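1. no sequence for this one, just the structure:
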């Protein structure tokens, strides 16, 4: 029979070792989640930061910064804004009106129309024939040709005539295309602009809030909006 004292000593040493191993194991188990959790939390913060940045960039690209709208509102009197409702010509003839209308078209993803119209206006100010060709080429490549970066919505005949005239450009080369886009804006976008929060806030003398994004259909044609006139009763 073994000595009881020796047996007790062996058991005690074994228990001490097990206890020590348990402490070490327990500590290791506790530390590993902590080490894993720190990078996880950091990754989540980084991911959230990227999402916020993307959201801000998206809004800045399509809506314009609120500060720019506020600046526009402070420089335009309600009386001046009211005059923009008299006619589309009146709106485009004033810089502030043109800027406000351009901002509105950006919310509808159709700013290529007003950009094309302005490019044509600049084109017609060319003083020499040497200026016409490079400008005409640029306008055609940007707005007219098939799959152009900012292709405008033109009927087949108008596009065909414009494409032929580009070979020997003159002052009137883009007149037909410009008139088509002008009528489309006047009968389609302009009435919606007059009903928009951006415009109504200017008329009421208030800082415009963030406009609402609306995807317009690009299948509209000029004929779809014949006879459409702005409703001026909304200002009373």
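-> That came through fine. Predicted model only: the values in this text are computed from it and were never measured.
2. hmm, who's touching the helix or strand containing residue 133?
-> For residue 133, the element it lies in under DSSP states H and E is helix 129-139. For helix 129-139, contacts defined as Cβ atoms under 8 Å, 6 or more residues apart in numbering pick out 116, 119, 120, 122, 123, 126, 166, 169, 170, 171, 173, 174. Bear in mind the C-beta positions are built from the backbone N, C-alpha and C, glycine included.
3. same question, stretch 142-151
-> 112, 115, 116, 119, 141, 152, 154, 159, 162, 163, 166, 177.
4. Got a quick PyMOL command for the buried subset of the contacts of helix 129-139?
-> Buried residues within the contacts of helix 129-139, by 16 or more other Cβ atoms under 10 Å, are selected in PyMOL with:
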select buried, resi 116+119+120+123+126+166+169+173+174
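5. possible to save the contacts of helix 129-139 as TSV with secondary structure?
-> Below are the contacts of helix 129-139 laid out as TSV (DSSP: H, G, I helix; E, B strand; the rest coil):
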residue	secondary structure
116	helix
119	helix
120	helix
122	helix
123	helix
126	coil
166	coil
169	coil
170	coil
171	coil
173	coil
174	coil
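6. Would you mind listing the two of the contacts of helix 129-139 that lie farthest apart?
-> Pairwise distances across the contacts of helix 129-139 peak at 18.1 Å for 116 and 170 (criterion: Cβ to Cβ).
7. Mind listing what's buried along stretch 116-135?
-> 116, 117, 119, 120, 123, 126, 132, 135.
8. isn't the fifth one right next to residue 174, touching?
-> Yes. The pair residue 123 and residue 174 qualifies as a contact (Cβ atoms under 8 Å) at a distance of 6.2 Å.
9. Number of residues surrounding residue 165?
-> 18 (other Cβ atoms under 10 Å).
10. Give me the phi and psi for residue 109.
-> phi 60, psi 40 (degrees, to the nearest 10).
11. I'd like the distance between it and residue 150.
-> Distance, residue 109 to residue 150, by Cβ to Cβ, to the nearest Å: 11 Å.
12. Now the common contact residues for those two.
-> Here residue 109 and residue 150 share no contacting residue, scored by Cβ under 8 Å, 6+ apart.
13. Kindly reformat the buried residues of stretch 116-135 as JSON lines containing distance to residue 197.
-> Formatted as JSON lines, the buried residues of stretch 116-135 follow (distance: Cβ to Cβ, whole Å):
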{"residue": "116", "distance to residue 197": "26"}
{"residue": "117", "distance to residue 197": "24"}
{"residue": "119", "distance to residue 197": "28"}
{"residue": "120", "distance to residue 197": "30"}
{"residue": "123", "distance to residue 197": "34"}
{"residue": "126", "distance to residue 197": "38"}
{"residue": "132", "distance to residue 197": "41"}
{"residue": "135", "distance to residue 197": "36"}
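14. This structure: helices as residue ranges?
-> 4-63, 66-75, 78-83, 88-93, 95-107, 111-123, 129-139, 156-165, 175-184, 190-195, 197-203 (DSSP state H).
15. Select from the ones you listed the stretch with the lowest mean pLDDT.
-> Across the helices of the chain, helix 4-63 has the smallest mean pLDDT, namely a mean of 44.
16. ok, the contacts of stretch 142-151 vs residue 103, which is closest?
-> Nearest to residue 103 among the contacts of stretch 142-151, with distances taken as Cβ to Cβ, is residue 115, at 12.6 Å.
17. Number of residues surrounding that closest one?
-> Residue 115 has 17 nearby residues by other Cβ under 10 Å.
18. and it, what is it in contact with?
-> By Cβ under 8 Å, 6+ apart, residue 115 lies in contact with 102, 143, 150.
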